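1. Sequence and predicted structure below; questions after.
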Amino acid sequence: MIDIKFLRDNPEIVKENIRKKFQDHKLHLVDEVIELDLNNRNSKQEADDLRANRNKISKEIGALMAQGKKDPKFLTEAEEKKALVAAQAKKLQELEQRENELDEKINQIMMTIPSIIGDDVPIGRDDSENVEVNIYGEAVVPDFEIPYHVEIMESFAGLDLDSARKVAGQGFYYLLGDIARLHSAVISYARDFMIERGFTYCVPPFMIRADVVTGVMSFTEMDAMMYKIEGEDLYLIGTSEHSMIGKYINSIINEDSLPQTLTSYSPCFRKEKGAHGLEERGIYRIHQFEKQEMIVVCKPEDSSFWFGKLWQNTVDLFRSLDIPVRTLECCSGDLADLKTKSYDIEAWSPRQQKYFEVGSCSNLGDAQARRLKIRINGESGKYFAHTLNNTVVAPPRMLIAYLENNLQADGSVRIPAVLSKYMGGATLLTP
């Protein structure tokens, strides 16, 4: 969320940023919020003047009452001033109510105006205009056919979609046997990988309150992703980033304790609206999955450095599992409103002979911190923190890339050395 002072002083910069994100329907909001803000400041000033005047008159009434003991005429004047205070109290109440209404309107609008994107973010309308940054590893297409990921898993008796549909409906699954164990092994490896890189391991709440939801994401994302618990002020998390950043709500962090670097495990729940093609069925786009996440809370001047560290962690992990990956920089139109910069990490699919998304690394500047009131206490005073997040791994989608890239001609699957110890020392899975 943009600082109202910045918008007030730089309306054209905010409007140009809206145009870069191809959200011209929001342009009128800039002028609207400026007018509301002016009215609000005028109301606040009038209210302050009334309060100051009330205090002054109250002192005068006290003096008149003291004098009234000697001369009754002072009592009459005191009563007149009391009537004036009562009238001003009513006016003050009206002004305070108007302030609350204007504050709410301004806040609602400010939460829909997108954050200022980074100067180096490519301009484009949607994800089709994202820009490839780099490729890591050789994208190999083997000389044998790679089956659909559901068929690979079923060859190990490792996937049951039919039973899941009976129990929970479309978009759910049972993982079994070696495939279920492989799923857990990947999560455990990712956890230890991040701990070795200096991150503190955390298991967060899997439900969060509405004020945290609106603090970490836009209303559009909230509607598209979140499941609401009926009758409760609780939502199921779509990613542990939500509760991990929420951990710092309404807090003041000492500057010398930064950066805060955490890696978290959680199940995730998402609506995943819309129809999907063959490759996005199976266990690719689902309502429930597990995930290892990483988040950073840091000083503003350090967020660019940590952005580079975060996406590199994911690249290094995937390469350690013999999975080729590439990084894409998200263009302006593909950035969620709170993000200032984002990279997608995509894994190579030998079956599709193309890359597909397995993670996303985002710098949100001070947008989440401003909404959640996460501040840093430094030598020069208090200021808002910067927050970042990135996917470590999110199986079972990540398993698709793992199985396809480690599949052998005879249907067996290699287990790289880094993962073997989490699989009881096995180096090969056999159907």
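-> Yep, it's here.
2. Give me the below-cutoff pLDDT ranges for the chain.
-> 54-87, 273-281 (pLDDT under 70).
3. hey, where'd the helices end up in it?
-> Along the chain, the segments classed as helices by DSSP state H run 4-9, 11-20, 27-68, 72-110, 149-155, 161-167, 177-196, 210-216, 219-225, 240-246, 303-320, 367-372, 397-406, 417-420.
4. Go through those helices and name the closest to residue 134.
-> helix 303-320 (8.4 Å; C-beta to C-beta). Heads up, the C-betas are built off the backbone N, CA and C, glycines and all.
5. correct me, but residue 113 touches residue 26?
-> Yes. Using C-beta atoms under 8 Å, residue 113 is in contact with residue 26, at 6.4 Å.
6. For residue 335, see how far away the nearest residue in space to residue 330 that is not next to it in sequence is.
-> Closest residue to residue 330 apart from its sequence neighbours, by C-beta to C-beta, 6 or more residues apart in numbering: residue 342 at 4.2 Å. Residue 342 sits 6 Å away from residue 335, going by C-beta to C-beta, to the nearest Å.
7. How about residue 247?
-> Separation of residue 247 from residue 335 (C-beta to C-beta): 24 Å.
8. Of the two, which one has the most company?
-> residue 335 (22 against 19; other C-beta atoms under 10 Å).
9. so the more buried one makes contact with residue 121?
-> Yes. Using C-beta under 8 Å, residue 335 is in contact with residue 121, at 7.0 Å.
10. of the helices of the chain, which approaches residue 140 most closely?
-> helix 397-406 (7.9 Å).
11. other SSEs contacting the closest one?
-> helix 149-155, helix 177-196, strand 341-349, strand 354-363, strand 413-414 (3 or more C-beta pairs under 8 Å, 6 or more residues apart in numbering; DSSP states H and E).
12. That helix versus strand 354-363: what angle between them?
-> 140 degrees (axes from the mean of the first three to the mean of the last three C-alpha atoms, to 10 degrees).
13. now what about helix 397-406, what contacts it?
-> The contact list for helix 397-406, computed with C-beta atoms under 8 Å, 6 or more residues apart in numbering, reads 140, 146, 149, 152-153, 179, 182-183, 186, 282-284, 289, 318, 321-324, 347-351, 356, 358, 413-416.
14. tell me the centre residue of this structure?
-> residue 216 (4.5 Å; C-alpha atoms, centre = their mean).
15. Was I right to think that one contacts residue 372?
-> Yes. Under the criterion of C-beta under 8 Å, residue 216 makes contact with residue 372 at 7.3 Å.
16. any common contacting residues for these two?
-> Common neighbours of residue 216 and residue 372, using C-beta under 8 Å, 6+ apart, are 245, 246.
17. circling back: any idea what the residue nearest to residue 330 is bridged to?
-> Taking DSSP bridges as the rule, residue 342 bridges to residue 362.
18. Who are the contact partners of it?
-> Each residue near residue 342 by C-beta under 8 Å, 6+ apart is listed here: 329, 330, 334, 335, 336, 360, 361, 362, 363.
19. try 7 Å
-> 330, 335, 360, 361, 362 (C-beta atoms under 7 Å, 6 or more residues apart in numbering).
20. what do you get for residue 360?
-> By C-beta under 7 Å, 6+ apart, the neighbours of residue 360 are 342, 344, 391.
21. which among those residues gets closest to residue 239?
-> For those, with residue 239 as the reference and C-beta to C-beta as the criterion, the closest is residue 391, at 7.9 Å.
22. How many residues are close by that closest one?
-> 26.
23. so what's it closest to, chain neighbours aside?
-> Counting by C-beta to C-beta, 6+ apart, the residue nearest residue 391 is residue 359, at 3.2 Å.
24. returning to that earlier point: comparing residue 113 and residue 26, which residue is more hemmed in?
-> Taking other C-beta under 10 Å, residue 113 and residue 26 do not tie; residue 113 has more neighbours (21 against 18).
25. Do I have it right that the more buried one meets residue 3?
-> No. Residue 113 lies out of contact with residue 3 (C-beta atoms under 7 Å); the separation is 11.1 Å.
26. any chance you could read off phi and psi for residue 351?
-> Note on residue 351: backbone dihedrals following degrees, to the nearest 10 are phi -60, psi -50.
27. how much space between the residue nearest to residue 391 and residue 385?
-> In terms of C-beta to C-beta, residue 359 sits 23 Å off from residue 385.
28. Same check on residue 391?
-> Noted for residue 391: a distance of 21 Å to residue 385, by C-beta to C-beta.
29. if I pick residue 422, what's in contact with it?
-> Counted by C-beta under 7 Å, 6+ apart, residue 422 has contacts 185, 188, 189.
30. Find the nearest non-adjacent residue to it, please.
-> Residue 422 sits nearest to residue 185 (C-beta to C-beta, 6+ apart), 3.6 Å away.
31. now swap in residue 243 and tell me
-> Residue 243's closest residue in space is residue 204 (C-beta to C-beta, 6+ apart), at 4.0 Å.
32. burial of that neighbour, as a residue count?
-> 21.
33. Would you confirm that it contacts residue 264?
-> Yes. Shown here, residue 204 and residue 264 form a contact pair, counting by C-beta under 7 Å, at 5.3 Å.
34. what touches both of those two?
-> Joint contacts of residue 204 and residue 264 (C-beta under 7 Å, 6+ apart) are 240, 244.
35. still on that earlier bit, I'd assumed residue 425 was in contact with the residue nearest to residue 422.
-> No. Here residue 185 does not reach residue 425: they are 11.5 Å apart, not a contact under C-beta under 7 Å.
36. Pick out whichever of those two has more residues nearby.
-> Taking other C-beta under 10 Å, residue 185 and residue 425 do not tie; residue 185 has more neighbours (20 against 8).
37. if I pick that one, what's in contact with it?
-> Contacts of residue 185 (C-beta under 7 Å, 6+ apart): 419, 422, 423.
38. Check residue 350 too.
-> Residues in contact with residue 350, defined by C-beta under 7 Å, 6+ apart, are 140, 141, 142, 146, 404, 405.
39. Which ChimeraX command selects the buried ones in those residues?
-> The following ChimeraX line selects those of the contacts of residue 350 that are buried, judged by 16 or more other C-beta atoms under 10 Å:
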select :146,404,405
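40. Of the contacts of residue 350, just say which sits nearest to residue 304.
-> The closest of these, once distances to residue 304 are taken by C-beta to C-beta, is residue 405, at 31.4 Å.
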